[in-house]
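Asks: What follows is a predicted structure for the sequence shown.
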Amino acid sequence: MSDPLLLTPDWQLPGNVIAGVSDRLGGVSAAPYDSFNLALHVGDDPGAVQRNRERLLQWLPAGMNVQWLEQVHGTTVVDAAFQAPERCGDAVYVDRPGLAGAVLTADCLPVFFAARDGRRVAVAHAGWRGLAAGILETTLERFPDAPEEVIAWLGPAIGVCHFEVGLEVRDIFLDACATTTQRQQLQVTAFRPAATADKCHADLFALARLRLQAAGVREIGGGGLCTHCDAAHYYSYRRDGRTGRFVSIVGLAPDQD
Ligand SMILES: [Zn+2]
């Protein structure tokens, strides 16, 4: 059976850190969820989703517990140590071996975090609402580490090529800038003109990078893979509407006795 987590962060961390992103291949879900859909809330057959989740679990080290979320575009960070089947929140923080956190996306940006010593990790679900509300900063604050000791990595999300938003979305980010210089930098770096004057294109990767850098994170990898462009590998809500979700998962392998 093929590896369900072929895309992995290119960070240099101890081998106990498990992290990866699934694609839509190799599962049992029927169209339009074909085929490796891991979300229960999108209308897919729950039995198929369960079988897909079992395939994912088989690939993880034995004894791993995964914390799934009911994501709400907010800023709640769930601690994987308080295990429950599915909890409301938009990020999972993990600081114990044998636990993992998972976020499900199809255009929103999954952001991975890890302390350099490999003992604490997190993953966040960041659409524009979550980014604006501060989900990345809130996740980073869960780490006892200084921000420069935390590494971040950006998974696949809808790219600036396809992410058209109303100008009011851009203005939410611009209005949050402390200085005119920051405002100009953000406008140039994270937004592009659209075909019509009342819209623009937003760059979630750039928005996330700027937010993380402002919070003190120095090492940020990944970014640039557009879910909308790559229909063969990724679900895209903007492109397909009714569709599946792929997983971004991060965890700490159980201790070897
Ligand atoms: Zn695209």
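Replies: Good, I have the coordinates.
Asks: In the helix ranked longest in the chain, which residues are buried?
Replies: Looking across the chain with DSSP state H, the single longest helix is helix 46-59. For helix 46-59, burial by neighbour count (16 or more other CB atoms under 10 Å) applies to 48-49, 52-53, 55-56, 59. All C-beta atoms are positioned from the backbone trio N, CA, C, and that covers glycine.
Asks: how about CSV for these, with pLDDT and distance to C88 added?
Replies: Putting the buried residues of helix 46-59 into CSV (pLDDT from 0 to 100; distance: CB to CB, whole Å) gives the following:
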residue, pLDDT, distance to C88
A48, 98, 24
V49, 98, 19
N52, 98, 22
R53, 97, 19
R55, 95, 26
L56, 96, 22
W59, 92, 27
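Asks: need the next SSE after the longest helix of the chain, C-terminal direction.
Replies: Next helix or strand after helix 46-59 toward the C-terminus (DSSP states H and E): strand 65-70.
Asks: Run through the neighbouring helices and strands of that next one.
Replies: strand 86-88, strand 91-94, strand 99-105 (3 or more CB pairs under 8 Å, 6 or more residues apart in numbering; DSSP states H and E).
Asks: Tell me which residues are up against the following helix or strand past the longest one.
Replies: In other words, strand 99-105. Where DSSP H and E defines the elements, the next helix or strand beyond strand 99-105 is strand 109-115. For strand 109-115, the external contacting residues (CB atoms under 8 Å, 6 or more residues apart in numbering) are 9, 11, 13, 17, 19, 21, 103, 120-127, 131, 136, 139-140, 143, 145, 149-157, 204-205, 208, 212, 222, 248, 250.
Asks: Buried ones in stretch 58-72, by neighbour count?
Replies: 59-60, 64-69, 71.
Asks: gap between the two ends of that stretch?
Replies: Taking CA to CA, to the nearest Å as the measure, stretch 58-72 stretches 28 Å from start to finish.
Asks: How about residues contacting that stretch?
Replies: Residues contacting stretch 58-72 (CB under 8 Å, 6+ apart): 1, 3-5, 18, 41, 56-57, 78, 80, 83-90, 92, 94, 98-104, 125, 249, 251, 253-254.
Asks: Let me see the backbone angles for H201.
Replies: For H201, the backbone dihedrals (degrees, to the nearest 10) come out as phi -100, psi 130.
Asks: Surely it touches A190?
Replies: No: taking contacts as CB atoms under 8 Å, H201 lies outside contact range of A190: 9.5 Å.
Asks: From the neighbour counts alone, determine which of these two ranks first.
Replies: Taking neighbours as other CB atoms under 10 Å, H201 and A190 compare with A190 leading, 24 against 18.
Asks: and the more buried one, what does it touch?
Replies: 173, 202-203, 206-207, 210.
Asks: again, but for A253
Replies: Each residue near A253 by CB under 8 Å, 6+ apart is listed here: 15-18, 61, 64, 97-98.
Asks: Apply 6 Å and report the result again.
Replies: Counting by CB atoms under 6 Å, 6 or more residues apart in numbering, A253 touches 16, 18, 61.
Asks: Repeat that for T138.
Replies: 75, 77.
Asks: can you rerun that using 8 Å?
Replies: 75-77, 91.
Asks: Tell me the one among the residues you listed nearest to A31.
Replies: Closest approach between the contacts of T138 and A31, by CB to CB: A91, at 31.0 Å.
Asks: and the spatially closest residue to the closest one that is not a sequence neighbour, what element?
Replies: Using CB to CB, 6 or more residues apart in numbering and skipping residues adjacent in sequence, the residue nearest A91 is A124, 3.7 Å away. A124 is located in strand 121-126, with elements delineated by DSSP H and E.
Asks: Ok, A132 next?
Replies: Element membership for A132 (DSSP H and E) is helix 128-133.
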